[in-house]
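>>> starting from these lines, generate the structure:
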Amino acid sequence: MEKAYKNIPWFFAAILGIVILGFFKTYFGLFPNFDKVTSIQHIHGTLFLLWFVMLIVQPILIQKRKLEWHRRIGRISYFLVPLIIVSIFFIAKEFYETAPGEEPKRIAGLYVPFYQIVSFSVLYLLAIYNKKRVDYHMRYMIATVLAVYGAALRRAFIHWMGMSGPDAFFYTFLFTDLILVAFIVYDRVHGKAYKPYVVSLSILLLSQGGFYFFRNTEVWQVVCGNFVHQFY
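Reported below is the predicted structural model:
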């Protein structure tokens with residue numbers, strides 16, 4: 001592993017801390033009774049905790065030269081990631097069925113979990129495609145976290161800092177983009193493989209732009225509406 005990334009497990013641990021903080025009032029803080037928490041929410045939370053454990057453990061195994069164990073655990077992601085994607089799908093379904101407001105508003109709200117599915121899936125597939133090029137593989141795996149932790153950061157901004165929903169979205173997007181920009185600048189200055197971060201930032205910026213300029217369009221209402229009526 002590159003020396004500059006020897007502390008990357010702490011980065012994953014910090015993001016996990018944000019996840020716990022963001023969902024503390026609506027999930028983790030409800031332990032042990034978990035009042036009003038549904039089965040799909042439990043499954044969704046468990047799968048993501050497993051994902052974070054895997055991300056924290058994998059670079060440690062590389063550092064300790066336990067390459068075979070790294071590969072074995074990596075293969076688990078072939079099953080874990082599809083399950084995570086399915087869980088996001090059903091979390092979105094639950095949102096659609098229980099969220100207040102008229103159907104157009106609820107369909108617009110589905111843009112967020114759906115873009116997370118797409119961004120997370122694309123970045124993961126890029127990581128797997130580049131698994132023999134370790135520098136690219138590692139950077140795309142880092143980016144997968146930034147594609148899905150936003151729901152937690154938004155809630156942290158709202159629950160702990162009193163932000164409005166629109167402000168929480170804006171600062172979540174900004175914070176995420178600045179992290180990727182920092183990685184790009186660092187790798188660029190040190191002559192490292194910064195291009196995966198550029199690709200990752202482009203994917204996330206496209207998704208974020210859609211939040212402001214696409215989710216309330218007639219096209220989204222028709223396409224997503226048809227999808228909802230077909231599968232929900």
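>>> roughly how far does the residue most central in space within the chain sit from residue 61?
Nearest residue to the geometric centre of the chain (CA atoms, centre = their mean): residue 148, 1.1 Å. Distance of residue 148 to residue 61, given as CB to CB, to the nearest Å: 22 Å. Every C-beta, even on glycine, is put in place using the N, C-alpha and C of the backbone.
>>> wouldn't the residue nearest to the centre of the chain be in contact with residue 120 here?
Yes - under the criterion of CB atoms under 8 Å, residue 148 makes contact with residue 120 at 5.1 Å.
>>> find the residues that touch each one of those two.
Residues within reach of residue 148 and of residue 120 at once, by CB atoms under 8 Å, 6 or more residues apart in numbering, are residue 88.
>>> buried sites along stretch 102-120?
106-120 (16 or more other CB atoms under 10 Å).
>>> and the lengthiest helix in the chain, what does it pack against?
Longest helix of the chain, by residue count under DSSP state H: helix 67-98. With contacts defined as 3 or more CB pairs under 8 Å, 6 or more residues apart in numbering; DSSP states H and E, helix 67-98 has these neighbours: helix 39-63, helix 103-109, helix 111-129.
>>> now those as CSV including distance to residue 167 and mean pLDDT?
As requested, the helices and strands packed on helix 67-98 are exported to CSV (distance: least, CB to CB, whole Å; pLDDT from 0 to 100):
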stretch, distance to residue 167, mean pLDDT
helix 39-63, 25, 93
helix 103-109, 17, 93
helix 111-129, 15, 96
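>>> run the chain-centre distance for stretch 68-84.
17 Å (CA atoms, centre = their mean, to the nearest Å).
>>> whoops, stretch 106-122 was the one
10 Å.
>>> same check on stretch 184-198?
21 Å.
>>> now do stretch 159-177
So, by CA atoms, centre = their mean, the centroid of stretch 159-177 is 15 Å from its chain's centroid.
>>> what residues sit buried inside it?
So, applying 16+ other CB under 10 Å, buried residues of stretch 159-177: 159, 163, 168, 169, 170, 172, 173, 176.
>>> so how far is residue 211 from the third one?
Using CB to CB, one obtains 12 Å as the distance from residue 168 to residue 211.
>>> do the same with the fourth one
Separation of residue 169 from residue 211 (CB to CB): 7 Å.
>>> try residue 111
Distance from residue 111 to residue 211, by CB to CB: 6 Å.
>>> which helix or strand contains residue 205?
Assigning secondary structure by DSSP states H and E places residue 205 in helix 195-213.
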